[in-house]
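Trainee: Have a look at this prediction, sequence included:
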Amino acid sequence: MVELAEDKQAHEIVLLDIRTQSTIADYFVICSADNERQIKAIVDHIDTKVHQEFGVDPRAEGSSETGWIVLDYGDIVAHVFSPAQRDYYRLERLWSKVPPVVVVQ
């Protein structure tokens, strides 16, 4: 998912290993997009490629208009944020006790 987000020019991509702190998922992928159109492009790309490779569809919440879309694949949850929403919710700070596995600026 990190690579898929990179494919659509997401930035500030972080992969967090949350297994030791939570039972809701194993990993969070968190990334930012510059505008609504890019949020939608990133989400559509991740959804299409994961479905093609694994046959899995996510539970999705949010919209590009709100600046935050969550794709829940069970073990991995992807968060695609506008910069303003990412700054407001600060998920990395909330999960500060878990180590980042990957960080892509």
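Mentor: Happy to help now that I have it. Numbering: from 1, shown residues only.

Trainee: can you pull the pLDDT of residue 96?
Mentor: You'll see residue 96 listed with a pLDDT of 87.

Trainee: Doesn't it lie inside a helix?
Mentor: No - applying DSSP: H, G, I helix; E, B strand; the rest coil, one finds residue 96 to be coil, outside a helix.

Trainee: count of neighbours near it?
Mentor: Neighbours of residue 96 under the rule other Cβ atoms under 10 Å: 11. Just so you know, the C-beta spots here come from the backbone N, C-alpha and C atoms, and that holds for glycine as well.

Trainee: just for this protein, where's the confidence low?
Mentor: Within the chain, no range satisfies pLDDT under 70.

Trainee: contact partners of the longest helix belonging to it?
Mentor: If you go by DSSP state H, the chain has its longest helix at helix 36-54. Applying Cβ atoms under 8 Å, 6 or more residues apart in numbering, the contact partners of helix 36-54 are 1, 4-5, 7-10, 31, 33, 56-58, 60, 64-65, 67, 69, 71, 73, 78, 80-82.

Trainee: what about burial for those residues, which qualify?
Mentor: 1, 4-5, 8, 10, 31, 33, 58, 64, 67, 69, 71, 73, 78, 80-82 (16 or more other Cβ atoms under 10 Å).

Trainee: do you know how far residue 47 is from residue 23?
Mentor: 24 Å (Cβ to Cβ, to the nearest Å).

Trainee: what do you get for residue 51?
Mentor: For residue 51 relative to residue 23 (Cβ to Cβ), the value is 25 Å.

Trainee: what about these two, which has more around it?
Mentor: Higher neighbour count among residue 51 and residue 23: residue 51, with 12 against 7, using other Cβ under 10 Å.

Trainee: how near is that one to residue 58?
Mentor: 9 Å.
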